[in-house]
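Asks: next one to model:
(one chain, ligands or ions: 1)
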Amino acid sequence: MFDIAIIGGGPAGASAALYTAKAGKKTLLIDNDKGMTRRALMKNYYGIEEIDGPTMVDTGLKQAENFGAILVKETAQNLKQNGDTFTVTTDGGNYEAKYVILTTGASVSFAEDIGIKTKDGIEPRIKKVVDVDADGRTSMEGVWAAGTCAGVSVHAIITAGDGAKVAINVISEMNGERYVDHDILES
Ligand SMILES: Cc1cc2nc3c(=O)[nH]c(=O)nc-3n(C[C@H](O)[C@H](O)[C@H](O)COP(=O)(O)OP(=O)(O)OC[C@H]3O[C@@H](n4cnc5c(N)ncnc54)[C@H](O)[C@@H]3O)c2cc1C
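Replies: So this is what the prediction gives:
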């Protein structure tokens, strides 16, 4: 049983996964590596002068794994609610989780297939997005969404930040108090 299953391993998903795993939550990251970020060259990511998309994606996945997230290179195909938990079915197996975060980039077909409410997107070339509240909750209780699929501006720093934001909201809900993750530089 995972605490959190995250579907999509681009900047939004890997960022969410590194936060949840670092917080000690048993985290599953499901990704089929068909995202848009591999095609990008980022010169506008605060704090990093320049980074190519493949390096960003691979480093993000490694960071999440280093904190304990389990990465499976599979395609999520279905999601079923069983009381308080979920079963995610992929082309490689079934996984149980208490919470789910959708970070599927430009595609909302998985969300639509499982009956989650979507709406028209407003960002260029993003036709549909998952309908989320300000915290990232979708129309299905226990399922959250972040990044491009949740309608934020299509820039890596924003999608990564949104993944972190939604992860912190999920961790806070699980813990019953607001969560902060700060490491301190030794003087
Ligand atoms: C050509 C190009 C140039 C760009 N240049 C810049 C730039 O200069 N600066 C900038 O800030 N941004 C740039 N961007 C935008 C940037 O890449 C995105 O804003 C951001 O990285 C998207 O992150 P994401 O995690 O939401 O989506 P993605 O990176 O698309 O990740 C989504 C992931 O979910 C996976 N997935 C989807 N469905 C499933 C499923 N059912 N099962 C398993 N996995 C699934 C996909 O395979 C993918 O790995 C560019 C984009 C493009 C296309």
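Asks: okay, CA-based contacts and neighbour counts for the rest of this
Replies: Noted.
Asks: relative to the ligand, how far out is V180?
Replies: For V180, the distance to the ligand (CA to the nearest ligand atom, to the nearest Å) stands at 22 Å.
Asks: which parts of this structure are helices?
Replies: Assigned by DSSP state H, the helices in the chain fall at 11-22, 53-66, 109-113, 156-175.
Asks: got the residues of this structure near the ligand?
Replies: 7-13, 30-37, 39-44, 74-77, 103-106, 110, 147-148, 154-157, 159 (CA under 6 Å from any ligand atom).
Asks: please redo it, this time with the cut-off set to 5 Å
Replies: Contacts of the chain with the ligand, taken as CA under 5 Å from any ligand atom, map to 8-12, 31-37, 39-40, 42, 75-76, 104-105, 147-148, 154-156.
Asks: in the chain, where is pLDDT below threshold?
Replies: Along the chain, the model assigns pLDDT under 70 to no residue.
Asks: ranges for the strands of it?
Replies: Using DSSP state E, the strands of the chain run over 2-7, 27-30, 41-42, 51-52, 70-72, 76-82, 85-90, 94-102, 118-120, 128-130, 143-145.
Asks: let's have those in JSON lines, adding mean neighbour count.
Replies: Output for these, formatted as JSON lines (neighbours: other CA atoms under 10 Å):
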{"stretch": "strand 2-7", "mean neighbour count": "26"}
{"stretch": "strand 27-30", "mean neighbour count": "27"}
{"stretch": "strand 41-42", "mean neighbour count": "16"}
{"stretch": "strand 51-52", "mean neighbour count": "14"}
{"stretch": "strand 70-72", "mean neighbour count": "17"}
{"stretch": "strand 76-82", "mean neighbour count": "16"}
{"stretch": "strand 85-90", "mean neighbour count": "19"}
{"stretch": "strand 94-102", "mean neighbour count": "22"}
{"stretch": "strand 118-120", "mean neighbour count": "15"}
{"stretch": "strand 128-130", "mean neighbour count": "25"}
{"stretch": "strand 143-145", "mean neighbour count": "27"}
